[in-house]
Structures are given as structure tokens and as C-alpha cells.
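> Just the structure for this:
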Amino acid sequence: QVQLVESGGGLVQAGGSLRVSCAASRRTATTYNMGWFRQAPGKQREFVAAVSYNGRNTYYTDSVKGRFTISRDNALNTVYLQMNSLKPEDTAVYYCAAARTGKAWAVRDWVSYDYWGQGTQVTVSS
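Below you'll find the predicted structure:
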């Protein structure tokens, strides 16, 4: 089992940048594909970005392409989401998730992930 702890959320003005981090309690390299999801008030949880266990493959939802970058540092068991050119519609609680390798991984489907963090609030003011 792995525990995930997000950090780095906060309040930022539109057009600004923020980086959220997700630290895992155990080694995640070769073991877990990682993803970021978000949930705004009154809305369903939605996929934001994901990275394969070795960092070679990344995936993004269309609305964040070109603005957000997901990366991982397997030596630190940490995944990052760099968010630039933030918009008010990016306001949400951002969740980190881990999907075990060795099984089918539906990148954009939250049910494909096995472990979740507690979330970190990102608020973008207009």
C-alpha cells in the first residue's frame, strides 16, 4: 500500500503559476503510474494529467495542454504538476492518484487508480 500527500496548493491570480507536489510513502518507480485529478464544487472529479511509471509517457486533458506539465522524480518518490497561465476555471481540489503497474491502466478513468491523496485546494482569482 502507498500513501500519497499533496502539497503546494494555494491562491493565485489568473495568469499566474503554481506547482503542486505529491509525495509517496514508498518507492513508486516501476510500480505505479501516477495521475492528477481535480474536483470543483458541484462537479464530478475529472482527469487532469498522468505520467507513466518511468516518466516516458505523459497525458493531459485538452483544457490544460500547453499550460500544465506533469513530471516525476522517482528518486524522491514525488510527482509534480506545474500549472502556468492559470484560469479561474482551474479552481478545484487537486488530487494525486497512483495506479499499480502490471494491469490495465485507463489513464483518464479515476476507477483505474488504486490510491489517492487527500487533495490540495487551488484557487484562481479573476
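> Any regions of this structure where pLDDT drops low?
29 (pLDDT under 70).
> can you map out the helices along it?
For the chain, no helices are identified by DSSP state H.
> At the geometric centre of it, which residue sits there?
By Cα atoms, centre = their mean, the chain has its centre lying nearest to residue 36, at 2.1 Å.
> Quick check: closest non-adjacent residue to that one.
Nearest non-adjacent residue to residue 36, counting by Cβ to Cβ, 6 or more residues apart in numbering: residue 48, 4.4 Å away. Yep, even glycine has a C-beta here, placed from its N, CA and C like the rest.
> show me what contacts that neighbour?
Residue 48 makes contact with 35-38, 60-61, 64, 68, 81, 94, according to Cβ atoms under 8 Å, 6 or more residues apart in numbering.
> Just want to check the distance between it and residue 26.
Residue 48 is 23 Å from residue 26, where distance means Cβ to Cβ, to the nearest Å.
> Residue 74 contacts residue 24, doesn't it?
No - applying Cβ atoms under 8 Å, one finds residue 74 not in contact with residue 24, separated by 9.7 Å.
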